[in-house]
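> just a sequence and a predicted model for now, questions to come.
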Amino acid sequence: MSDSSPQLDIPFEQTEPSTSIGVTQTLDRMRQRREQSAIAAGLPDWPENKRGLPNGALRSALFGISPKERRSYAFERHVASIDGVEVFITRGPNLMQHHLDVWEQCLKLGKDQGTGRRIEFTAYAFLKSIGRNTGKSDNEWLKNALYDLAACVVRISDGSKTYFGPLIHGGTRDELTGRYVIEINPKIALLYGSGQWTQLDYVQREQLRRHPLAQWLHAFYSTHASPYRYRVETIRRLCGADVEGELKKFRQVLRRALERLDVATGWHWRIDESDCVVLHKQPPSNGERGIVGTVSERVLSTEASKATG
């Protein structure tokens, strides 16, 4: 006879997750659903004479103007950008304004044909669509630009979303026909959320071809409904110009670029007594004042020290 007491089957009390954890999980699921919906929707629509581009790419030196060290493949370099935007090139070449010409057309094709899908085009049709000639050197130019965009891995953050990956996923090229098949990461659509993108006037940009600084200024100020005031030194860093050169020489080049911008757009500008560029998209009213824009101090530590030294 066993003298052991009978065991009682006492269930353990099931503890409910804390309210804060439950709320966090709910918000996280909602965020994921919003992101999935944005990715599934693809790129937003824009008129044929415009090009839709994320602000983070235009409010920085991601697509710069200086050919110096443009083939650099150094890892993890911070790109100059305005406050609220962070841009890194984690691998690959530095990019120029002609890369932006090609990328914006790739995005247009992505809008029309769908991101995450095969995007097909011939070199001839692509070059014609961006106003280029179609000779042998132009075909080579396009090939190299697409290679650079596929090789350049970036990290772009607008404060609410971060995209990391190549600017185009890569693709194939038929050496006999010149036909390309590329793919754009559908997650790049997240950079267009909350209105964080700009419809760039393609016709105006075409008028500024072969003038990289004027093109950069056009793209940069297109992201501003009412442009802030920016110091000349700030613009020099934001556009990716050679920061080691004399500021006086850059100021002269900047004035010529602003004059070209005025002709193409009708935007009025001046450089005031504090060495700030004041630009108005409408005729300025008396006593109108802006805000001095600044470069994010988390740019390149070497550039920051040179700029303040």
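Received, thanks.
> isn't residue 269 right up against residue 261?
Yes - the pair residue 269 / residue 261 is scored as a contact, 7.3 Å apart, by CB atoms under 8 Å. In this view, the C-beta of every residue, glycine as well, is placed from N, C-alpha and C.
> higher neighbour count, these two?
residue 261 (24 against 18; other CB atoms under 10 Å).
> tell me the SS of the more buried one?
helix (DSSP: H, G, I helix; E, B strand; the rest coil).
> where's it relative to residue 227, distance?
Distance, residue 261 to residue 227, by CB to CB, to the nearest Å: 12 Å.
> identify the contacts common to the two.
Common neighbours of residue 261 and residue 227 are listed as residue 221 (criterion: CB atoms under 8 Å, 6 or more residues apart in numbering).
> re the thing from before, list residues touching both of residue 269 and residue 261?
Contacts common to residue 269 and residue 261, judged by CB under 8 Å, 6+ apart, are absent.
> which element is the residue minimising distance to the centre of the chain on?
By CA atoms, centre = their mean, the chain has its centre lying nearest to residue 57, at 1.3 Å. Assessed by DSSP states H and E, residue 57 sits inside helix 55-58.
> now the helices: where do they sit in this protein?
With DSSP state H as the criterion, the chain has helices at 19-41, 55-58, 97-113, 123-129, 136-151, 202-207, 212-222, 232-238, 247-265, 301-308.
> let me know which of those helices is the nearest to residue 157.
helix 55-58 (7.1 Å; CB to CB).
> that closest one packs against which elements?
strand 153-157, strand 197-201, helix 212-222 (3 or more CB pairs under 8 Å, 6 or more residues apart in numbering; DSSP states H and E).
> to the chain's geometric centre, what's the distance from the longest one?
When you say that, I think you mean helix 212-222. 13 Å (CA atoms, centre = their mean, to the nearest Å).
> same question for the second one.
For strand 197-201, the distance from its own C-alpha centre to the chain's C-alpha centre is 11 Å (CA atoms, centre = their mean).
> so what does it touch, helix or strand wise?
strand 50-54, helix 55-58, helix 212-222.
> would you reformat the ones you listed as TSV and include mean pLDDT and distance to residue 122?
Below are those laid out as TSV (pLDDT from 0 to 100; distance: least, CB to CB, whole Å):
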stretch	mean pLDDT	distance to residue 122
strand 50-54	95	20
helix 55-58	95	26
helix 212-222	98	25
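> how about the ones you listed in TSV, adding distance to residue 141?
Below are the helices and strands packed on strand 197-201 laid out as TSV (distance: least, CB to CB, whole Å):
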stretch	distance to residue 141
strand 50-54	19
helix 55-58	21
helix 212-222	15
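> can you put the helices of the chain in TSV and add distance to residue 191?
Output for the helices of the chain, formatted as TSV (distance: least, CB to CB, whole Å):
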stretch	distance to residue 191
helix 19-41	10
helix 55-58	6
helix 97-113	10
helix 123-129	23
helix 136-151	15
helix 202-207	19
helix 212-222	15
helix 232-238	19
helix 247-265	25
helix 301-308	24
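> between these, which one is nearest to residue 80?
Of the helices of the chain, nearest to residue 80 by CB to CB is helix 232-238, at 4.6 Å.
> any weak-confidence spans in the stretch 51-200 of the chain?
68-74 (pLDDT under 70).
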